[in-house]
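# predicted structure and sequence below. I'll ask about it afterward.
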Amino acid sequence: MYLWLFKHQDKREKPMYKNGKYRETDKMSDLICENYPMVLVMSRFGIALGFGEKNIGAVCRQNGVDACTFLTVVNFLTEEISAPMTNIDKCLSIEALITYLHNAHAYFLDFRLPHIRRKLTDAIADCPKDVAFVISSVSSSAESSAESTADTDNVIKIGATATPHGEILEFVKDKLAKEGYDLQITIYDDYVLPNNAVASGELDANYHQHTPYLNNYNEKNGTDIVPAALIHYEPFGLYGNGVEKLADVKEGASIIIPADDSNETRALLLLQQEGLIELPEGANAKDGVTTLDIKDDHGYKITTVQADTVAAQFANSDAGSLAVINGNYALAAGLDISKALAVEDASGDAAQTYANIVAVKSGNENLPKIQALIKALKSDDVKNFINEKYNGAVVAIF
């Protein structure tokens, strides 16, 4: 059931892949670039990012995951046309598949069902009485399921994106357990939904965004979610397709950057930092800039695209092209930040402005369990974990 739901939740056109199936010898980074939702599948199998140019088989072995089972799920989810699963490989690991389905079940139970209930509840007011009764009954069923795991003072429910946020939270889970706290992590592949869940009280906190994004969400939705702590930032990197240093960038080269407000600002400030463009005097991260503000592009062709597609478009770009890529998307695409042509200056205002935060509902910042979470995250152990695991692609800000 969960395989089918995942497969059919996104009807957008997907790219073709070799002979209709991925194999162990294909690069994991190619899989992610061509099918970014597979990051969530990886998370459910317990596969960490930061795999560089390794192939799928090597990454699965490194993470103790059965490659046959992983590929069976991936190839099923990426098929354009549903087909009966009559030829499942004999090497399929039931244990690995159960782990995947268990984690998928938790995601739908802890997030999707409450989300559906909110939508149904909102519809009741406009429905005839008999329809409203049915909706209320369905909503109550979803609610009773959620109530079985009702929050208490020693349970911390937090939402996060898989990498690096979810991985950092997993690292502190045992430490919090020793202090008497049960850290329950829900992984999202969306930025809006974790804020919806905090605003509704379904989550105590989330960890996936920076303050400008949160401010924009609050303004649009009339909510009052606030930063509780700055944890890390993911420096933007400037990458070159076949370009090893900035001095080799050719006149008129194409530069791909993310299109949304805050990410576009960061990308343009990085390009100015490296002398590739000129922005108005006083341009800064807080006030923001767009391509319309560029005073001199020095002849480069700057294109804005959706942030989560930059890495994929860069992978398919012409030789000599450049791209400014968000740290988390660069990680997912297997890009090595140490090989970037340039990186955001850690001492610049972007590092502080765009630091990733733990966010909570206003008034909950000083709850003992939130303070315990922040203390665990802002520790030397976490700082060392970040430095060793992400090699500069993620930087602790505390």
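Yes, it's here.
# drop to CA atoms for contacts and neighbour counts, all remaining ones
OK.
# and the helix or strand encompassing Leu77, what other elements does it pack with?
Here Leu77 sits within helix 67-78, counting by DSSP states H and E. Counting contacts by 3 or more CA pairs under 8 Å, 6 or more residues apart in numbering; DSSP states H and E, helix 67-78 packs against helix 2-8, helix 38-45, helix 56-62.
# secondary structure element holding Tyr239?
Following DSSP H and E, one finds Tyr239 within strand 237-240.
# what about that strand, distance to the chain center?
From the chain centre to the centre of strand 237-240 is a distance of 20 Å (CA atoms, centre = their mean, to the nearest Å).
# low-confidence stretches in the stretch 101-250 of the chain?
Scanning the stretch 101-250 of the chain for pLDDT under 70 picks out the ranges 107, 109-115, 117-152.
# can you pull out the strands in it?
Ranges of strands in the stretch 101-250 of the chain, per DSSP state E, counting those that start in this stretch, are 155-161, 182-188, 205-210, 225-233, 237-240.
# show me what secondary structure element comes after the shortest one.
Helices and strands here follow DSSP H and E; after strand 237-240, the next one along the chain is strand 254-258.
# figure out how far that next one is from the centre of its chain.
Here the centre of mass of C-alpha atoms in strand 254-258, compared against the chain's by CA atoms, centre = their mean, lies 20 Å away.
# and it, what does it pack against?
Contacts defined by 3+ CA pairs under 8 Å, 6+ apart place strand 254-258 against helix 261-273, strand 301-305, helix 310-315, strand 322-325.
# keeping just the C-alphas, turn the third one into CSV.
This means helix 310-315. Taking C-alpha atoms only, helix 310-315 is exported to CSV below (Å, rounded to 0.1, in the frame of the first residue of the first chain):
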residue,chain,number,x,y,z
VAL,A,310,19.7,23.1,-9.8
ALA,A,311,21.9,20.1,-9.2
ALA,A,312,20.1,18.0,-11.8
GLN,A,313,20.2,20.7,-14.4
PHE,A,314,23.9,21.4,-13.7
ALA,A,315,24.6,17.7,-14.2
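# buried sites along that helix?
Buried positions in helix 310-315, judged by neighbour count with 16 or more other CA atoms under 10 Å: 310-312, 314-315.
# averaged pLDDT, it. What do you get?
Across helix 310-315, pLDDT averages out at 92.
# next one: the second one
Looking at strand 301-305 alone, the average pLDDT works out to 96.
# report the angle between the axes of that strand and helix 261-273?
Inter-element angle recorded for strand 301-305 and helix 261-273: 160 degrees (by axes from the mean of the first three to the mean of the last three CA atoms, to 10 degrees).
# residues contacting strand 301-305, please?
Contacting residues not belonging to strand 301-305 are listed as 252-259, 264, 291 [CA atoms under 8 Å, 6 or more residues apart in numbering].
# now list the buried members of those.
253-259, 264, 291.
# verify the stated contact: Asp296 with Ile277.
Yes. The pair Asp296 / Ile277 is scored as a contact, 5.7 Å apart, by CA atoms under 8 Å.
# give me the more crowded residue out of those two.
Set Asp296 next to Ile277 and count neighbours by other CA atoms under 10 Å: Ile277 wins out with 19 against 13.
# can you tell me how far that one is from Ile156?
Look at Ile277 and Ile156: by CA to CA, to the nearest Å, they are 45 Å apart.
# ok, now which ones touch the residue nearest the centre of the chain?
Closest residue to the average C-alpha location of the chain: Thr161 at 4.1 Å, with CA atoms, centre = their mean. Residues near Thr161 by CA under 8 Å, 6+ apart: 187-191, 207-208.
# could I get those as a markdown table with distance to Asn384 and neighbour count?
A markdown table is the format used below for the contacts of Thr161 (distance: CA to CA, whole Å; neighbours: other CA atoms under 10 Å):
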| residue | distance to Asn384 | neighbour count |
| --- | --- | --- |
| Ile187 | 23 | 26 |
| Tyr188 | 25 | 18 |
| Asp189 | 26 | 15 |
| Asp190 | 28 | 11 |
| Tyr191 | 27 | 18 |
| Tyr207 | 19 | 26 |
| His208 | 20 | 24 |
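# pick out whichever of the residues you listed sits closest to Asp30.
Closest approach to Asp30 among the contacts of Thr161 (CA to CA): Asp189, at 18.5 Å.
# dump the residue contacts of the closest one.
37, 40, 161-162.
# what about 10 Å?
Asp189 sits next to 36-40, 160-162 when contact means CA atoms under 10 Å, 6 or more residues apart in numbering.
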